[in-house]
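Student: Starting from these lines, generate the structure:
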Amino acid sequence: MSDVECPYCGQEQEVCQDDGHGCEDGKVYEEQCGFCEKYFALTPSISFDFYSKKADCMNGGVHDWRVNQHIYDGYKQYRRCNNCDESEWFNANQEHIA
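Tutor: A predicted model of the protein is given here:
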């Protein structure tokens, strides 16, 4: 998978971002093609993707709890709702505890 195509030779390039190079939205960076060795202007465009799903618990329904087996403290466990991300500690009787 490549990040950008060289505007001169058309070869696909990966942009090394280890030092923050090419990470500021809208800033023009100088990039050199690893194939034809010509310099070109590189301008990153950063976007966000949003996803939606039903969350009946946000509308008065019940939570779809999943237990996190890795967070356990004696007699209580930790759980998080698959839909709304709410979390809580509960005991062996499935009762919410602080």
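
Student: only C-alpha atoms for contact and neighbour calcs from this point on.
Tutor: Noted.

Student: So which residues of the chain form helices?
Tutor: Secondary structure of the chain (DSSP state H): no helices located.

Student: residue ranges of the strands in this protein, please?
Tutor: 4-5, 12-13, 29-32, 39-42, 65-73, 76-81, 87-90, 96-97 (DSSP state E).

Student: Is it possible to get CSV of those that adds mean pLDDT?
Tutor: Formatted as CSV, the strands of the chain follow (pLDDT from 0 to 100):
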stretch, mean pLDDT
strand 4-5, 93
strand 12-13, 92
strand 29-32, 94
strand 39-42, 95
strand 65-73, 74
strand 76-81, 86
strand 87-90, 86
strand 96-97, 76
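
Student: ranking those strands by burial, who's on top?
Tutor: Of all the strands of the chain, strand 76-81 carries the top mean neighbour count, a mean of 19, counting by mean count of other C-alpha atoms under 10 Å.

Student: Which elements pack onto that one?
Tutor: Using 3 or more C-alpha pairs under 8 Å, 6 or more residues apart in numbering; DSSP states H and E, the elements in contact with strand 76-81 are strand 65-73, strand 87-90.

Student: Give me the distance between stretch 54-62 and the centre of its chain.
Tutor: Relative to its chain's centre, stretch 54-62 lies at 24 Å (C-alpha atoms, centre = their mean, to the nearest Å).

Student: How about stretch 7-27?
Tutor: From the chain centre to the centre of stretch 7-27 is a distance of 20 Å (C-alpha atoms, centre = their mean).

Student: Show me what counts as buried in it.
Tutor: Glu12, Gln13, Val15, Gly22, Cys23 (16 or more other C-alpha atoms under 10 Å).

Student: before we move on, what about stretch 50-62?
Tutor: Using 16+ other C-alpha under 10 Å as the test for burial, stretch 50-62 gives Ala55.

Student: Between its first and last residues, how far does it reach?
Tutor: Using C-alpha to C-alpha, to the nearest Å, the end-to-end distance of stretch 50-62 comes out at 24 Å.
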